[in-house]
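Q: Quick one: sequence plus predicted model below, questions after.
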Amino acid sequence: MLKQIIPHICLVVLLALSSSNVRAETIRVCKSCEARTIKEGVRKAAAYDTVLVEKGTYKEVDILIDKPLVLKGENYPLIDGELKGEIITIVSDDVTVDGLFIINVGTSYTKDYAAVRVIKSKNFLIQNLVLEKLFFGIYLEKSSHGRVYHNNIIGDAVEEYNSGNGIQLWYSHHVDIENNIVSRVRDGIYLEFADNCNILNNTSSHNVRYGLHFMFSNNDRYENNTFENNGAGVAVMFSKGIEMYDNVFRDNWGTAAYGMLLKEINDSDIVGNVFQENTVGINIEGSNRVTYRNNDFISNGWAIKSRGACYANIFQENNFLYNSFDLSYNSKLNDNKFEDNYWSNYTGYDLDRDGIGDIPYRPVKLFSYVVNNTPESIILLRSLFIDIIDFSEKVSPVFTPDNLVDVRPKMKQIVHDRN
């Protein structure tokens, strides 16, 4: 009997699926269409329909998407929020928003108005949007298994207190943030309690505070991003299992600026990155069991500043090129490992010609301690007196741990494959 029933059940399921596909329709929105506003088009649409917005200007806010559907713009229609509030709010699974130009999001000191907000939803796709004159750009709240792809987010932020973030994730997991351009907001990309996310191929520049800022977020991957000319490049705090591969941190200058800040980061990998022309390449505090490998530190003020409580880290096969200070270290204890790095300031020799310097390299200069305590002394950086005191510290270390050395300094710059 069961063998006879199963084929009928399968047929019913197939018919149901095919009929649902047949019912999916396209609702057009334009000034002469039956649906003249986007709200009206969404209201008329059934689940899994497409709402196609024709080119034009639509002055609308509080567009609520509470059913699975595709909201797609044709030739980038303009949605003008007239600074009245939030533009699009998604509260359903299986929603796509694609190809819209959104401006004039409302500003508030009590509500985080966004151009597009996703709340408690799954399987969403936010792509090909242009967002300007915004408070928050794309805000994901308690949502998961979605993608934010190929959006251009341009704010006009001047100060932190009255500006929002470009892309924000809060308690959102398994999200891919790819190929976005974010600039002139508070934080370009912000994650808080966001696990198992991929941040790939984005450019975050000219932001007031951070290019990327995340806290309490574990097992995330950041790859092939560029963080340039931000108040500070990237802040990574109170997280573990982070993979940071092949990113560029460049031109983050200022009295409190750095390419990357690591605070309470454990069991992570920082591999194949470029830190170029930052006040500080990486500022490290309370971070343990992190592997730094195949990175290039080029023409920074400090390549690395270690501010204490950093243990069991490995620095291997990195290039330290023409930095004012390669390493600042403020503890007399060291169990971090430096090995097989290239240091442009190394003046040793290689008599056996094996490519490894015959004498260890001490990367910490005594003068770095002086500058940390008396910043004004930086004007003496290139003086003969400073060369003498740095040499004395190398000969007879007093302020640095005896074992803080690279015992195998490379004689030639390491060539890293960036492809």
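A: Sure, I can see it.
Q: use CA for all of it now, contacts and neighbours both
A: Fine.
Q: Surely Gly41 is in a helix?
A: Yes: when DSSP: H, G, I helix; E, B strand; the rest coil is applied, Gly41 is found to be in a helix.
Q: Run me through the strand neighbours of the lengthiest strand in the chain, direction for each.
A: When the chain is parsed with DSSP state E, its longest strand is strand 260-271. Sheet pairing here is set by DSSP bridges, and for strand 260-271 it gives strand 232-240 (parallel), strand 243-245 (parallel), strand 280-285 (parallel), strand 288-293 (parallel).
Q: Including mean neighbour count and distance to Tyr161, could these go into TSV?
A: What follows is the strands paired with strand 260-271, written out as TSV (neighbours: other CA atoms under 10 Å; distance: least, CA to CA, whole Å):
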stretch	mean neighbour count	distance to Tyr161
strand 232-240	25	16
strand 243-245	20	29
strand 280-285	25	24
strand 288-293	20	33
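Q: before we move on, the earlier item: quick one: contacts of the longest strand of the chain?
A: Contacts with strand 260-271, where a contact means CA atoms under 8 Å, 6 or more residues apart in numbering, come from 232-246, 249, 280-295.
Q: now that strand, how far from the chain's geometric center?
A: Here the centre of strand 260-271 is set off from its chain's centre by 13 Å, with CA atoms, centre = their mean, to the nearest Å.
Q: One more: stretch 351-370?
A: 33 Å.
Q: likewise stretch 168-177?
A: That offset, for stretch 168-177, works out to 12 Å (CA atoms, centre = their mean).
Q: how far does it stretch from start to finish?
A: This stretch, stretch 168-177, spans 10 Å end to end (CA to CA, to the nearest Å).
Q: can you give me the mean pLDDT across the longest strand of the chain?
A: Mean pLDDT, computed over strand 260-271, is 97.
Q: What number of residues are in the vicinity of Val91?
A: Using other CA atoms under 10 Å, Val91 has 18 other residues around it.
Q: Name all residues that make contact with it.
A: Per CA under 8 Å, 6+ apart, neighbours of Val91: Leu64, Ile65, Asp66, Lys67, Val118, Ile119, Lys120, Ser121.
Q: give me the beta-bridge partners of the second one?
A: This means Ile65. As for beta bridges, Ile65 partners with Ile90 under DSSP bridges.
Q: 346 is where my numbering starts, stick with that
A: From this message on, residue numbering opens at 346, which makes the last subject Ile410.
Q: quick one on the thing from earlier: now restrict the contacts of Val436 to buried residues only.
A: Buried subset of the contacts of Val436 (neighbour count, 16 or more other CA atoms under 10 Å): Leu409, Ile410, Asp411, Lys412, Val463, Ile464, Ser466.
Q: wait, which of these is closest to Ala602?
A: In terms of CA to CA, no member of these lies closer to Ala602 than Val463, at 32.2 Å.
Q: Now do the SS call for the closest one.
A: Three-state assignment for Val463 (three-state DSSP): strand.
Q: Hmm, Thr434 and it touching each other?
A: Yes: with contact defined as CA atoms under 8 Å, Val463 counts as touching Thr434 (6.0 Å).
Q: okay, now Leu474: neighbour count?
A: 24.
Q: I'd say it and Asn496 touch.
A: Yes: contact criterion CA under 8 Å: Leu474 and Asn496 qualify, at 4.8 Å.
Q: residues in contact with Asn690?
A: When contacts are counted by CA under 8 Å, 6+ apart, Asn690 touches Leu666, Tyr667.
Q: how close does it get to His551?
A: Asn690 is 32 Å from His551, by CA to CA.
Q: Then Arg381?
A: Arg381 is 38 Å from His551, by CA to CA.
Q: Next, the distance between the ends of stretch 694-710.
A: Start-to-end span of stretch 694-710 (CA to CA) is 20 Å.
Q: what sits against Lys404?
A: Going by CA under 8 Å, 6+ apart, Lys404 touches Ile424, Asp425, Gly426, Glu427.
Q: so where is the protein shaky, pLDDT-wise?
A: Along the chain, the parts satisfying pLDDT under 70 run over 346-367, 711-745, 763-764.
Q: Nearest to the spatial middle of it, which residue is it?
A: Leu557 (3.9 Å; CA atoms, centre = their mean).
Q: Show me what the helix or strand where that residue lies is packed up against.
A: Here Leu557 sits within strand 555-560, counting by DSSP states H and E. Packing partners of strand 555-560 (3 or more CA pairs under 8 Å, 6 or more residues apart in numbering; DSSP states H and E): strand 532-537, strand 548-550, strand 571-573, strand 577-585.
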